[in-house]
Every structure is written in C-alpha cells, then in structure tokens.
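how would this look folded up:
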Amino acid sequence: MLIKNSFLLLLAFASAFFVRVLTSVGIPSFINFAHFILIPAVAVYTVVQTRTKIRVYAVLDLLAGLMIMLAVVIASAMLNKAGIINIFIDYLLRAEWFIFLLAIISITPSEKSLTTLRYWLLSFAFINILFAYVQKFILRWGEGMPAPGDFITGVFLGQGAGCDVSSGVSVIFAIYYFFNNSNGRKTNLWIKIAVVLVAIIHLFITDAKSSFIIFLVSLVLLMLTKLKLDNKSFTLVVQYSLILIVFSGVLYWAAHTIAPGLLTFSDPSQRQDGFDLKFSVFSIFPSFYKSPLNWLLGLGPGHTVGRLGGWMLRDYADLLEPLGATIHPASQAVWEAVRSTWIGDRSRLWSPFFGWAGIWGDWGLLGVAGYVYLLFITWRRFCINDASKWILLSIPIFACIFTQTEEPGYVLSVAAIIGLQWQEHQMEQQKIRRSHLQNLHLSPNLHRLPELN
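Okay, here's the model as predicted:
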C-alpha cells in the first residue's frame with residue numbers, strides 16, 4: 001500500500017510535469033487539465049489514510065488554510081457572477097501545489113518507498129535538463145532569433161514561460177541535491193558542484209534573467225531571517241554571504257560576457273516605462289469595481305490577469321465556454337495596456353500579468369491574505385531546513401515578476417521538494433527515536449527506572 005501511494009504521487013506529479021510532451025506527440029489538449037482531477041484525488045486518497053499524530057496535525061493545519069481560501073474564492077465568484085468552472089480552475093491553479101504537498105505529507109512511507117520517490121523526482125528533473133541541452137546544443141532551437149533562449153523550454157514544450165519554468169525547476173532541484181544528505185549517505189562534493197553548474201548553465205542557455213534575480217533576492221531574504229545575536233547565526237550568515245558573493249560574481253560576469261541581456265534592466269528609460277506598465281493594474285482594476293466589497297473579494301476568479309483570465313480562457317475557449325466559463329473586460333483592458341507600450345512584449349519582468357496582481361485582481365485583499373496564510377503554514381510546518389526555505393521564498397518573489405505561481409510544473413516541483421525533505425526529516429527522527437529506545441532496552445540499569453516500564 002505504501003509503495004502504491006508513492007506511485008500515485010509520482011503519477012500525479014508526472015501528469016503536470018510532462019503534459020506538454022504528451023500534447024506535442026498528438027494527445028488531445030484536454031490532457032492539460034488531467035492533473036486538476038488527479039492531484040486532488042490522490043490527495044484525498046492519501047489524507048484519509050493518515051494515522052500518525054504528527055501527520056494528522058500537519059494535515060489539519062494545511063487543510064484549514066485551503067478551506068479558508070476556497071471560501072474566499074466562492075464568495076468572490078458569487079459577488080461577481082463568475083462561472084463554476086472559473087472557481088474550480090482558478091482555485092486549483094493557485095492551490096494545487098499546496099494540495100500536492102498535503103498528499104505527500106499524509107503518507108507514512110517505508111525507507112524503500114521514500115528512496116524510490118526521491119529517485120524518480122530527481123530523474124524527472126534531470127530529464128528536463130537533458131531536454132533543454134538537446135534543444136540548445138543538438139537541435140539548436142532559436143538560433144538566429146532575437147531571443148533564442150525563449151525557445152529552450154526543456155519538457156515544457158510550447159509553453160509561453162517554458163524557458164523560465166524549465167530553468168527554475170532545474171535550480172530548485174539543484175539546491176535540494178546540493179544541501180541534501182539522504183539516509184545519511186553523503187554525496188561527493190564535486191558531484192554536487194557539477195549538478196549546480198549544470199543547473200546554472202541551464203539558466204544561461206534559456207536567458208532566464210528573472211530567475212537570476214529571484215533566487216538572488218530569495219537568498220538575501222533567507223539571510224535576513226538568520227540575523228540573531230549568537231555564534232551559530234553569525235556563522236550561517238557568513239556562509240550564506242559567501243554564497244551570495246559567488247552568485248553575484250557569476251551574475252556580474254555573465255552580464256558582461258555571455259548574457260549581456262542582463263544589463264537591459266539597468267536602462268533608466270526601460271525601468272520607468274516598465275514600472276508604469278507593471279503597476280497599471282492597480283488603477284485598471286478599481287475602475288471596474290461596482291461595490292466596496294470588490295476591494296475585499298476582487299473581480300472574480302479568472303476575471304483579471306491570472307493564468308486563467310490572461311491566457312487559458314482564450315487558448316481553451318472551445319473547451320471552457322461550453323462549461324459556462326465567464327470572462328471580464330478587465331483582462332482585455334490590461335492586454336490593451338500591454339500593446340500600447342513598446343516594452344509590453346519585450347520583457348516578462350515588466351509584465352502586468354504577475355502572480356500577486358492576479359490574486360488581488362481575482363480574489364481581492366482577502367484572497368491575498370489567504371494565500372499568504374498558506375505560505376506561512378508551509379514555512380512554519382514543513383520547511384525543515386534552509387534549502388526548503390530558500391526554495392519556498394522563490395514563490396512570493398516569482399509572484400512579483402510573472403505567473404510562475406500558477407505554472408504547475410514549477411510550483412508542484414517546489415511542493416515535491418519541500419514534502420520530500422519533510423518526509424526525510426521524519427524518517428531520520430524516527431530512526432533516532434528507535435535507537436534511543438533500543439539503547440534504553442539494552443541498558444543493564446533499566447530495572448532501576450520503574451517509570452519507564
């Protein structure tokens with residue numbers, strides 16, 4: 001049963017991770033929606049089997065946050081007369097990775113099944129890197145194009161932000177691989193460095209400039225959480241400062257050699273026009289408000305600049321319109337703002353279609369609060385080391401740039417790594433407890449401790 005649970009988790013993950021590969025070989029486009037059914041179903045299946053106290057408490061905590069956010073989305077839909085299909089898809093686009101995390105933490109795996117889960121998740125990540133390298137160095141996709149990196153998408157073929165999602169996935173798996181010592185076995189340091197370099201090269205060949213910024217800022221924020229007046233914290237800050245210096249040095253070198261596109265962010269005229277476009281949503285959305293409640297509940301699920309309102313309702317109209325999907329003029333107003341400026345289609349950094357704008361636009365301030373609460377639960381309950389925290393911090397920072405917070409391939413990878421490390425930590429703690437009990441059992445003085453009998 002435990003191995004079956006691990007298999008179901010891998011199947012659910014693969015249904016989102018490799019979906020673009022499946023559609024590229026001729027499978028109908030409705031397969032893109034399969035993970036919206038499979039992942040919640042697997043979560044329900046694993047949650048009802050949860051027995052151990054620590055897992056029950058963790059499940060209930062995360063489940064309560066998910067229910068609160070669902071209530072906000074339903075209230076927003078009722079206020080704005082959004083379709084039921086809008087509620088279902090828009091909620092899952094932002095909550096699916098929390099649901100997948102819920103599924104992972106619910107299982108009580110054996111050491112063998114946990115090792116199998118880790119092996120296949122890492123294998124999926126390396127397949128993504130392999131696809132990207134083949135696309136760049138063998139197939140030479142994008143050669144001669146103004147932005148060749150946009151064509152290097154790994155397994156996320158034909159996806160608008162595929163280059164960013166693909167390279168971002170490589171980085172989070174590299175972070176996990178570098179800092180993880182699974183089952184007490186230490187991987188050779190040079191192998192770990194090699195994996196990190198492979199991931200960094202992946203960033204370069206996709207020209208994912210925003211990803212450089214995201215993980216750099218995430219590392220700085222992680223360092224700020226370590227600022228305490230004790231020797232251990234000081235040592236950690238020094239260690240992370242050295243990593244930050246190396247990271248910044250690589251970024252500076254790349255900007256002046258193989259990735260000059262990084263310097264485009266330093267152009268003052270681009271920054272001004274970029275900020276004007278990005279923040280235009282904060283004046284566009286209120287212009288459509290019909291009630292003070294819109295400030296709290298937004299314009300309705302899928303009605304603004306999330307992935308649903310921005311792209312999916314248009315790209316999958318033949319599938320969604322018969323199901324009662326609703327659209328809103330606010331989305332079109334933002335698209336018109338994009339087309340009216342020269343920078344609109346040149347950089348995702350300045351795009352008004354970004355995560356926090358989508359959450360606020362669709363669900364209002366209560367929706368933003370609900371999403372932040374789920375992030376807080378994940379940080380407090382499941383980020384058991386700095387690698388998990390660094391990876392999690394990329395989510396709210398990415399939400400300031402583009403829609404990676406609604407890209408299943410990316411956020412499900414974040415959930416997979418955080419959940420995997422949490423399970424590995426529980427496994428190690430279980431071994432420690434067993435060893436402690438065994439030592440007590442073998443102690444010749446055990447009979448002198450009646451309170452332990």
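
Give me the below-cutoff pLDDT ranges for the stretch 1-150 of the chain.
1-3 (pLDDT under 70).

How about the stretch 251-400 of the chain?
Short version for the stretch 251-400 of the chain, where the test is pLDDT under 70: 251-252, 254-269.

please redo it, this time with the cut-off set to 90
251-276, 340-351 (pLDDT under 90).

And the helices in it, which stretches?
268-278, 281-284, 293-297, 307, 313-315, 317-320, 329-339, 355-382, 386-398 (DSSP state H, counting those that start in this stretch).

what's the angle between the longest one and helix 268-278?
With axes from the mean of the first three to the mean of the last three Cα atoms, to 10 degrees applied, the angle from helix 355-382 to helix 268-278 works out at 80 degrees.

helices and strands around helix 355-382, which ones?
When contacts are defined as 3 or more Cβ pairs under 8 Å, 6 or more residues apart in numbering; DSSP states H and E, helix 355-382 sits against helix 53-80, helix 84-106, helix 281-284, helix 293-297, helix 386-398, helix 408-442. Placement of C-beta: from N, CA and C, glycine included.

give me that answer again for 6 Å
helix 53-80, helix 293-297 (3 or more Cβ pairs under 6 Å, 6 or more residues apart in numbering; DSSP states H and E).

ok, back up a step: pipe the helices of the stretch 251-400 of the chain into CSV and attach mean neighbour count and distance to residue 214 per row.
As requested, those are exported to CSV (neighbours: other Cβ atoms under 10 Å; distance: least, Cβ to Cβ, whole Å):
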stretch, mean neighbour count, distance to residue 214
helix 268-278, 15, 15
helix 281-284, 16, 20
helix 293-297, 18, 29
helix 307, 25, 18
helix 313-315, 17, 25
helix 317-320, 14, 30
helix 329-339, 17, 22
helix 355-382, 21, 12
helix 386-398, 22, 5
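
Distance to residue 121 added to those helices, as a markdown table?
Listed next are the helices of the stretch 251-400 of the chain as a markdown table, based on distance: least, Cβ to Cβ, whole Å:
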| stretch | distance to residue 121 |
| --- | --- |
| helix 268-278 | 34 |
| helix 281-284 | 35 |
| helix 293-297 | 37 |
| helix 307 | 24 |
| helix 313-315 | 29 |
| helix 317-320 | 30 |
| helix 329-339 | 35 |
| helix 355-382 | 16 |
| helix 386-398 | 13 |
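
Out of the helices and strands packed on helix 355-382, which gets nearest to residue 427?
helix 53-80 (12.2 Å; Cβ to Cβ).

which parts of that closest one are buried?
55, 58-59, 62-63, 65-66, 69, 72-77, 79-80 (16 or more other Cβ atoms under 10 Å).

And that helix, what does it pack against?
helix 84-106, helix 293-297, helix 355-382.

any idea of the angle it forms with helix 84-106?
Using the same axes, to 10 degrees: helix 53-80 against helix 84-106 is 170 degrees.
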